[in-house]
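Q: Give me coordinates for this.
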Amino acid sequence: MAQNFSTRLYAQITIAKLIEKFYDKPEAGPFGNIHAAINSYLKQGNVEKNLEKCMKDFRFNRVFDYANLLTLENVFHNIPRVSGMAAEDVVGTRVLGECFASLKLERVNLGEAIEFGELAVEKRESLFLSSGFGGADHIQKKIVPLKAVEPGRELLGDLPEKLRLRKAKEDGLIVVASLVDRAPNLGGLARSSEIFGVRQYVVGSLKDVESKEFQALSMTAEKWLNVAELKSFQLADYLREMKAKGYAIVGAEQTTGSRPIQQIRFPARAVLVLGHEKEGLPAHIISQLDIVAEIPQFGVVRSLNVHVTGAIFMWEYARQHLVMEGS
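A: So this is what the prediction gives:
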C-alpha cells in the first residue's frame, strides 16, 4: 500500500479505531507501538489535513447502527448511492426485492435502510488531491466494466432510462469495419462504439470478436453491442441496400473532394465506413459515399490509426445527435 495514499490512510484510521475500541489506554496495550506509530504518521505534512476531511466520511462518523450497516440494501444500494457511484452501478431496490422473491426469502432480510443524509461527494472526491497533482476541479472517474456478465432481462431493465430509449430508436449510427484487418483495432473500435452509443457494429468476421487481441482492447464492449458480420466482398451490395433504406453513407477518407469533419452535419441515419489500415477505402466504395469527411491534421505523418479515426467520427456523431438531445 506504500504508493496508494488513500487506501493506506483509511486502513491506518481503521486499525487505530479498532485498537481504541478494545483498549481503554491504547498506548499501554499490546498494540501500543502500532497505535503510536499511526498517530505519529497522521500528524505529518498534509496527512493531518486529509485526516480531518477523511473523518467526515459517513463510514467513520455517520453510522451508529453498525449491526445494521452491512445489510444487502445498504451494501448494494444505499452506500454506493451516497458514495457518488454512477447511477447504473447502484443496484435498485426493486431488483433486490425481486432477487429475494426468487429465492423465497422475506424482504425483512434486506434490513432497515440507513439514512445517511446529504453527503458532500465533491469534498470526498478532492480528499487526497492535496498530496498529489492537479486541482480539485478535475477528478478522474474510472469506470470498471462488468466482467463476464451477459446483459440479461433483469440487468437491462435497470439500465438508465435514457440508455433504454436510445437503444429503442430506429435512427442511429452504424459503424462498418469490414475492411479493418487487425484485431486490436477492431477491439478498440468496439469499445468506442459502445461508449458513443453506436446502433450496430459490423465486422468482417465474428471470429475476430473471440480473439484475445480483440478483447484486450474491447473491455467487454462486445457484450453490450449489436455486432454483425459482413464480408468485405459483400460491402458494396450492403451499402446500396442501406441507401435504399434511407441511410446516408459516410466515409472516413482523405480525397480531393473530402471535407473537414467539423463542417459535416451527420444525418440521423448514417453508416460510417472505415477503410483498411494501409490501403484505406477502395475506389469502388468511395464512389458510393454520400459524404466523404477527413480529420484536419497538422503534423508530418498525416495518417491517424483507424481506431482513432473511427472514435473521432463516432464522437462527432454523438455530439450532434446524442449530446445535443441531452443523452
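Q: Just want to check the distance between residue 224 and residue 25.
A: Note on residue 224: its distance to residue 25, by C-beta to C-beta, to the nearest Å, is 56 Å. For glycine as for every other residue, the C-beta is placed from the backbone atoms N, C-alpha and C.
Q: okay, now the closest residue to residue 264 other than its chain neighbours: neighbour count?
A: In this structure, residue 264 finds its nearest non-sequential neighbour in residue 293, 4.8 Å apart by C-beta to C-beta, 6 or more residues apart in numbering. With neighbours defined by other C-beta atoms under 10 Å, the count for residue 293 comes to 24.
Q: Next, count neighbours for residue 27.
A: 12.
Q: In this structure it contacts residue 36, no?
A: Yes. Under the criterion of C-beta atoms under 8 Å, residue 27 makes contact with residue 36 at 5.9 Å.
Q: quick check, residue 256 in a strand?
A: No. Counting by DSSP: H, G, I helix; E, B strand; the rest coil, residue 256 falls outside a strand, being coil.
Q: For it, give its distance to residue 291.
A: Using C-beta to C-beta, one obtains 15 Å as the distance from residue 256 to residue 291.
Q: now swap in residue 18 and tell me
A: Per C-beta to C-beta, residue 18 is found 64 Å from residue 291.
Q: Give me the more crowded residue out of those two.
A: Shown here are residue 18 and residue 291; by other C-beta under 10 Å, residue 291 has more neighbours (18 against 13).
Q: Give me the phi and psi for the more buried one.
A: When quoted as degrees, to the nearest 10, the phi and psi of residue 291 stand at phi -130, psi 130.
Q: what packs against the one helix or strand residue 19 maps to?
A: In the assignment (DSSP states H and E), residue 19 maps to helix 5-22. With contacts defined as 3 or more C-beta pairs under 8 Å, 6 or more residues apart in numbering; DSSP states H and E, helix 5-22 has these neighbours: helix 32-42, helix 47-54.
Q: repeat that for 10 Å
A: Here helix 5-22 is seen to pack against helix 32-42, helix 47-54, helix 58-61 when contacts are counted using 3 or more C-beta pairs under 10 Å, 6 or more residues apart in numbering; DSSP states H and E.
Q: Least reliable of those by average pLDDT, please.
A: Lowest mean pLDDT within the helices and strands packed on helix 5-22: helix 58-61, at a mean of 60.
Q: mean confidence for the following helix or strand past that one?
A: Counting by DSSP H and E, the next helix or strand C-terminal to helix 58-61 is helix 72-73. Across helix 72-73, the average pLDDT comes to 76.
Q: in the stretch 151-300 of the chain, which spans are strands?
A: Here the stretch 151-300 of the chain has its strands, by DSSP state E, counting those that start in this stretch, at 172-177, 200-203, 227-229, 248-252, 259-260, 269-273, 291-294.
Q: Export the ones you listed to a markdown table and append columns for mean pLDDT and distance to residue 240.
A: A markdown table is the format used below for those (pLDDT from 0 to 100; distance: least, C-beta to C-beta, whole Å):
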| stretch | mean pLDDT | distance to residue 240 |
| --- | --- | --- |
| strand 172-177 | 96 | 13 |
| strand 200-203 | 96 | 15 |
| strand 227-229 | 94 | 17 |
| strand 248-252 | 97 | 9 |
| strand 259-260 | 96 | 23 |
| strand 269-273 | 97 | 11 |
| strand 291-294 | 96 | 16 |
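Q: So for stretch 13-31, what gets flagged as buried?
A: By 16 or more other C-beta atoms under 10 Å, the buried positions in stretch 13-31 come out as 13, 16, 19, 26, 31.
Q: closest to residue 252 among the residues you listed?
A: When the buried residues of stretch 13-31 are ranked by distance to residue 252 (C-beta to C-beta), residue 13 comes first, at 52.1 Å.
Q: Check whether the closest one really touches residue 7, as I assumed.
A: No. Using C-beta atoms under 10 Å, residue 13 is not in contact with residue 7; the gap is 11.1 Å.
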